[in-house]
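> sequence below, structure please.
(2 chains)
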Amino acid sequence: MADNEIVIVGPPMAVALYKPPDPMPDEHRRLLINVDVIGHHDDFLVITCRQPKIAALRAAGGEVVVVDPDANVYVSRAQGSSEEELIAFLDERVQESREDLRIADAGRERDKAVT
Amino acid sequence: MHDDHFHCYDHSGKSSLFKRSDTYRRGDPATKAKPELEFYSLKQDLTALAARSSGKATLSVLGTTPGKRDIMLLKVGTDFKKDKPKILLTGGMHAREWIGPSYTYLVAEWLIDQYGSKPEAKDIVDNFHVFFIPMCNPDGHEYSVTTNRMWRKNSPEGDRDFQLVPGGKPAGVQKGAPESVDLNRNFNTKNRAAVLKSGQGKWSADPHDDDFAGTGTAAETKILETFLSAEKVDVMVDHHSFGCWVLHSPGDDHTPLKSIDAAAGKRYATFSGHMEKLLNAGSKKNPTTRKAPDTWEVEQASLFYKTLYAKVLGVKLKPEESVVPGSIKDFAFYQSRPKAKHKPLCYTLELPPVHYKGSPGFDLPENKIATVFKIVLPVTLALIKYARTDSPTDAEWNAFAHLP
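Numbering: from 1, shown residues only, chains lettered A, B, ... in the order given. You can find the predicted model right below:
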């Protein structure tokens, strides 16, 4: 690595949009509340999150849209983009994520029908 | 403000940090100082400020962190044996919130450099004791500059995701490393133990979470607690970033302050109201990152997350789920001076930006630091001036509005 190269964000920390279920189930409230909030976007919180926690939040009923698995893209966009561009980027990620989820759900339904 | 300043931290590639990174990384060739970025240059700036203060500022070291970095104290004022109002301004508790150290330093710089030209600066330097600890968490801060922009806690070596090489694989917890904790959940405040025992609130018992409260007292916390226990302050402001919030003590008790202590509740309501008005007036004149002015709001720290969750998500948190135990401002809040007429005024200021959708709350462009300084300085000066005043008027507060 060159002496003047600085990697700003390492791989373990993701940036995600997050919305807990409402109402929150009592058994998962602590997990669902205890997220690292760094902003908000529409009715989502913007959070930073270690990778294993994403699955746990989803399993507890939260909607999690991974904006950026290592936060580099998000940080550079937040710095370099206009307000409109950043919002459009996040909206796009929400749409993609929901479409992925719809396809996955459809696949699961199909598998159930087959078996 | 000096151009060649330590707050050249913008990581977008446009900033002077990158232009000068070789020098910063290798250190000062003359002194062989440690090759560090923010911390190294902040130390240089504080040293220079004390040197040109004509005896009105002294720089000392409160203690050293596990990463062998000093926690520095700049004392501004004269006649420290005399009883004068004591004010503590801190920054850098959370590693990634870079505006905190910058703003805190700039207030000290303004007081010293404007002593001869602004009567308000002279009054404060002559009649008050103002303590500055601009970098409470130098180990974590350095890591956020060199390796992980999102880092919040203190020493990273105690976290399983610690990377030996920037961008490399997680190396795991390093042998002998202290716990990586959220320092602002680690202070031994009055109700912290009870909150931790309850299992409720905005803190974590998981060492891998960013708001891990810790199983013991971190080295940085001990250093700062020792200072606060000795210097029981009249006013303490801890500077963070996540939007434009004035958050007052207590954070570790969800009971509204006016129900805990009616007199304190009344005084805080007066001061917080003045702060909110002056900050909003400043924001109208000084846009930060978006076209519309930022809107500042006031909240008791323990109820902040309750308010935020309701506002953003429409989700209702119970008050006990919103408490934030173990903050430095609460530690100061509970350290009342024996003969003091008032409870100390203890605040967290959450500095801009965050008030546009999607923006990370601590990622302020470098060229907006001066803007934040212009918005917040009048409030800082008024808080200092009225540290021992019952109920300052609007006119008294507004006397600072024209500054810097």
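
> can I get stretch A:29-49 in PDB? Just the C-alpha atoms.
Taking C-alpha atoms only, stretch A:29-49 is exported to PDB below (Å, rounded to 0.1, in the frame of the first residue of the first chain):
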ATOM      1  CA  ARG A  29     -37.600  -5.000  21.600                       C
ATOM      2  CA  ARG A  30     -34.100  -4.700  22.900                       C
ATOM      3  CA  LEU A  31     -32.500  -5.900  19.700                       C
ATOM      4  CA  LEU A  32     -34.800  -3.800  17.600                       C
ATOM      5  CA  ILE A  33     -34.200  -0.600  19.600                       C
ATOM      6  CA  ASN A  34     -30.500  -1.000  20.100                       C
ATOM      7  CA  VAL A  35     -29.200   0.200  16.700                       C
ATOM      8  CA  ASP A  36     -26.600   2.700  15.900                       C
ATOM      9  CA  VAL A  37     -28.500   5.600  14.400                       C
ATOM     10  CA  ILE A  38     -26.600   8.000  12.100                       C
ATOM     11  CA  GLY A  39     -29.500   9.700  10.300                       C
ATOM     12  CA  HIS A  40     -32.900   9.200   8.800                       C
ATOM     13  CA  HIS A  41     -34.500   8.800   5.400                       C
ATOM     14  CA  ASP A  42     -38.300   8.900   4.900                       C
ATOM     15  CA  ASP A  43     -39.700   6.500   7.500                       C
ATOM     16  CA  PHE A  44     -36.400   4.700   7.900                       C
ATOM     17  CA  LEU A  45     -33.500   5.200  10.300                       C
ATOM     18  CA  VAL A  46     -30.100   5.200   8.700                       C
ATOM     19  CA  ILE A  47     -27.900   2.900  10.800                       C
ATOM     20  CA  THR A  48     -24.500   1.500  10.800                       C
ATOM     21  CA  CYS A  49     -24.400  -2.200  11.500                       C
END
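
> for that stretch, buried residues please.
Applying a neighbour-count criterion of 16 or more other CB atoms under 10 Å in any protein chain shown, one finds A:29-41, A:44-49 buried in stretch A:29-49. C-beta here means a position set from N, CA and C on the backbone, and glycine is covered the same way.

> near chain B too, which of those?
A:29-30, A:33-34, A:36-41, A:44-46, A:48 (CB under 8 Å from any CB of the partner chain).

> would JSON lines of those with secondary structure and distance to residue A:108 be doable?
Formatted as JSON lines, these follow (DSSP: H, G, I helix; E, B strand; the rest coil; distance: CB to CB, whole Å):
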{"residue": "A:29", "secondary structure": "helix", "distance to residue A:108": "27"}
{"residue": "A:30", "secondary structure": "helix", "distance to residue A:108": "28"}
{"residue": "A:33", "secondary structure": "helix", "distance to residue A:108": "29"}
{"residue": "A:34", "secondary structure": "coil", "distance to residue A:108": "29"}
{"residue": "A:36", "secondary structure": "strand", "distance to residue A:108": "30"}
{"residue": "A:37", "secondary structure": "strand", "distance to residue A:108": "31"}
{"residue": "A:38", "secondary structure": "strand", "distance to residue A:108": "32"}
{"residue": "A:39", "secondary structure": "strand", "distance to residue A:108": "32"}
{"residue": "A:40", "secondary structure": "strand", "distance to residue A:108": "31"}
{"residue": "A:41", "secondary structure": "strand", "distance to residue A:108": "28"}
{"residue": "A:44", "secondary structure": "strand", "distance to residue A:108": "24"}
{"residue": "A:45", "secondary structure": "strand", "distance to residue A:108": "27"}
{"residue": "A:46", "secondary structure": "strand", "distance to residue A:108": "29"}
{"residue": "A:48", "secondary structure": "strand", "distance to residue A:108": "29"}
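
> state the pair within the residues you listed that is farthest apart.
A:30 and A:41 (23.8 Å; CB to CB).

> so where's chain B shaky on pLDDT?
B:1-40, B:163-168, B:289-291, B:353-363, B:366 (pLDDT under 70).

> cutoff 80 now
Within chain B, the stretches with pLDDT under 80 are B:1-41, B:44, B:145-150, B:160-174, B:242, B:287-293, B:336-339, B:353-368.

> tell me the helix or strand right after the helix or strand containing residue B:224.
Following DSSP states H and E, one finds residue B:224 within helix B:219-230. Toward the C-terminal end, the helix or strand that comes next after helix B:219-230 (DSSP H and E) is strand B:235-241.

> and that following strand with helix B:219-230, angle?
160 degrees (axes from the mean of the first three to the mean of the last three CA atoms, to 10 degrees).

> who does the helix or strand following strand B:235-241 pair up with?
Per DSSP H and E, strand B:235-241 leads on to strand B:245-248 as the next helix or strand towards the C-terminus. Strand B:245-248 pairs in its sheet with strand B:297-300 (parallel), strand B:345-351 (antiparallel), by DSSP bridges.

> can you give the contact residues for the last one?
The set of residues external to strand B:345-351 that reach it, using CB atoms under 8 Å, 6 or more residues apart in numbering or on different chains, is B:97, B:99-100, B:103, B:234-249, B:251, B:267-268, B:271, B:275, B:301, B:327, B:329-330, B:332-333, B:361, B:364, B:372, B:376, B:379, B:383, B:387.

> identify each buried residue in the helix holding residue B:224, please.
Neighbour counts over helix B:219-230 (16+ other CB under 10 Å) mark B:219-221, B:223-225, B:227-228 as buried.

> which other helices and strands does it contact?
strand B:57-64, strand B:70-76, strand B:129-133, helix B:328-333 (3 or more CB pairs under 8 Å, 6 or more residues apart in numbering or on different chains; DSSP states H and E).

> next, the angle from the lengthiest helix in chain A to strand A:36-41.
What stands out as the longest helix in chain A, according to DSSP state H, is helix A:83-114. Helix A:83-114 runs at 100 degrees relative to strand A:36-41, counting by the same axes, to 10 degrees.

> related to what we said a few turns ago, of the ones next to chain B among the buried residues of stretch A:29-49, closest to residue B:184?
The closest of those, once distances to residue B:184 are taken by CB to CB, is residue A:36, at 12.6 Å.

> so what's the closest residue to residue B:221 other than its chain neighbours up against?
In space, residue B:221 comes closest to residue B:186 once its chain neighbours are excluded; the distance is 4.6 Å by CB to CB, 6 or more residues apart in numbering or on different chains. Applying CB under 8 Å, 6+ apart to residue B:186 gives the contacts B:213-214, B:217-218, B:221, B:326.

> pull out the buried members of the residues you listed.
B:213-214, B:218, B:221, B:326.

> tell me which of those residues is nearest to chain A?
Closest approach to chain A among the buried ones among the contacts of residue B:186 (CB to the nearest CB): residue B:213, at 11.0 Å.

> residue B:236: what's it in contact with?
Contacts of residue B:236 by CB under 8 Å, 6+ apart are B:87-90, B:228, B:328-329, B:332-333, B:344-347.

> from residue B:238, how far off is residue A:87?
In this view, residue A:87 and residue B:238 are 31 Å apart by CB to CB, to the nearest Å.
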